[in-house]
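*Asks:* need a structure here:
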Amino acid sequence: MGRPAEDLSGKIFGFLKVVERAENKKGKNKSYVMWRCECLLCGGEKDASTNNLKRGAVKSCGCLAAHNGKLRRNERVCVICGERFPASPSSQNVTCSDACKRMYNSRNHKGMKHTEETRKKLSEYWRSSEYMKEVQRKATESAKKSPKAGKFETNVHAVDWHIVSPDGTHYQIHSLNNWLRENCREKFGCEPDSKQFSNVISGFSRAKRSALGKIPESQRPCLTYKGWQVIPTPADFKEKE
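*Replies:* Okay, the predicted model is just below:
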């Protein structure tokens with residue numbers, strides 16, 4: 001009698017959550033243990049074998065590949081910053097924003113150009129200028145108070161997160177940094193903006209990269225951090241791959 005199959009019920013592989021055992025699939029020389037899974041992206045179902053789940057051969061019900069293919073057909077890479085941005089195949093845009101467009105136009109400007117020596121002298125002059133130091137000080141103070149640049153949930157770099165605590169409580173938040181500053185003492189026993197605080201952020205980030213399949217098997221990907229599970233959100237598919 002063979003060894004009983006490992007129970008994968010409740011476990012998550014990629015975007016598939018194992019619900020229950022399915023009927024075995026007969027191959028040419030052997031039978032495969034199958035599991036009925038729920039897709040966390042679209043709610044669909046898929047039967048997958050133990051081997052395919054464990055080695056990452058299947059990560060969704062099939063909607064992930066279709067979604068990524070659609071994105072690539074309607075995306076372009078910015079020639080300035082390298083970010084992907086929506087663009088139809090007929091679009092002539094090569095930059096993702098007005099700021100990158102101005103930079104692109106500046107680089108392709110055909111007017112007067114400074115020599116390397118002149119640019120260096122100008123740079124040193126402005127760095128040593130008291131006027132520029134005052135401008136930078138005021139700009140830094142304003143940035144810290146700005147809802148788009150400071151330590152707020154509305155920070156322009158904030159992204160959506162879906163995390164699940166070890167006791168099964170779901171948290172859907174927009175800024176991980178902001179949420180941790182309010183909960184890090186209670187949830188993780190560390191102080192805001194400390195070294196331990198940064199370690200928590202790094203741990204969650206690694207768990208998300210693992211869930212998105214961005215960490216190879218050789219680097220031992222992990223879908224959890226200290227028992228906390230990270231579930232990818234639709235916004236994660238719009239990030240740079």
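
*Asks:* tell me which helix or strand comes right after the helix or strand containing Asn183.
*Replies:* Here Asn183 sits within helix 176-188, counting by DSSP states H and E. Scanning forward in sequence from helix 176-188 by DSSP H and E, the next helix or strand is helix 195-211.

*Asks:* show me what the very next helix or strand once past that next one is packed against.
*Replies:* Of the helices and strands lying after helix 195-211 in sequence (DSSP H and E), the nearest is strand 224-225. When contacts are defined as 3 or more CB pairs under 8 Å, 6 or more residues apart in numbering; DSSP states H and E, strand 224-225 sits against helix 195-211. Using the backbone N, CA and C atoms, a C-beta is placed for each residue, glycine as well.

*Asks:* now for the helix it packs on, which elements pack on it?
*Replies:* strand 161-164, helix 176-188, strand 224-225, strand 228-230.

*Asks:* what is the least confident helix or strand in the protein?
*Replies:* Across the helices and strands of the chain, the lowest-confidence element by mean pLDDT, DSSP states H and E is helix 63-73, at a mean of 64.

*Asks:* hang on, the earlier thing: okay if I get the helices and strands packed on helix 195-211 as JSON lines plus mean neighbour count, mean pLDDT and distance to Glu75?
*Replies:* Listed next are the helices and strands packed on helix 195-211 as JSON lines, based on neighbours: other CB atoms under 10 Å; pLDDT from 0 to 100; distance: least, CB to CB, whole Å:
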{"stretch": "strand 161-164", "mean neighbour count": "19", "mean pLDDT": "89", "distance to Glu75": "23"}
{"stretch": "helix 176-188", "mean neighbour count": "16", "mean pLDDT": "89", "distance to Glu75": "25"}
{"stretch": "strand 224-225", "mean neighbour count": "19", "mean pLDDT": "88", "distance to Glu75": "30"}
{"stretch": "strand 228-230", "mean neighbour count": "20", "mean pLDDT": "89", "distance to Glu75": "24"}
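
*Asks:* pLDDT weak spots in the protein?
*Replies:* 1-4, 66-74, 109-114, 127, 129, 131, 140, 142-156, 217, 237-241 (pLDDT under 70).

*Asks:* and this structure, what are its domains?
*Replies:* Listed by automatic domain parsing, the domain ranges of the chain are 12-65, 74-108, 121-150, 161-238.

*Asks:* let's have these in CSV, adding distance to Ala5.
*Replies:* Output for those, formatted as CSV (distance: least, CB to CB, whole Å):
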stretch, distance to Ala5
domain 12-65, 5
domain 74-108, 41
domain 121-150, 52
domain 161-238, 21
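
*Asks:* what's the closest of the ones you listed to Glu6?
*Replies:* domain 12-65 (6.8 Å; CB to CB).

*Asks:* what's the end-to-end length of the closest one?
*Replies:* 18 Å (CA to CA, to the nearest Å).

*Asks:* before we move on, back to that, I'd like the next helix or strand past the least confident helix or strand of the chain.
*Replies:* Counting by DSSP H and E, the element that comes right after helix 63-73 along the chain is strand 75-77.

*Asks:* partners of that following strand, with directions?
*Replies:* strand 84-86 (antiparallel) (DSSP bridges).

*Asks:* so after the strand it pairs with, what's the next helix or strand?
*Replies:* Following strand 84-86 in sequence, per DSSP H and E, is helix 98-107.

*Asks:* for that next one, name the packing helices and strands.
*Replies:* So helix 98-107, by 3+ CB pairs under 8 Å, 6+ apart, packs with no helix or strand.

*Asks:* pull up the distance across stretch 105-125, start to finish.
*Replies:* End to end - CA to CA - stretch 105-125 spans 25 Å.

*Asks:* no wait, stretch 82-93
*Replies:* In stretch 82-93, first residue to last residue: 13 Å (CA to CA).
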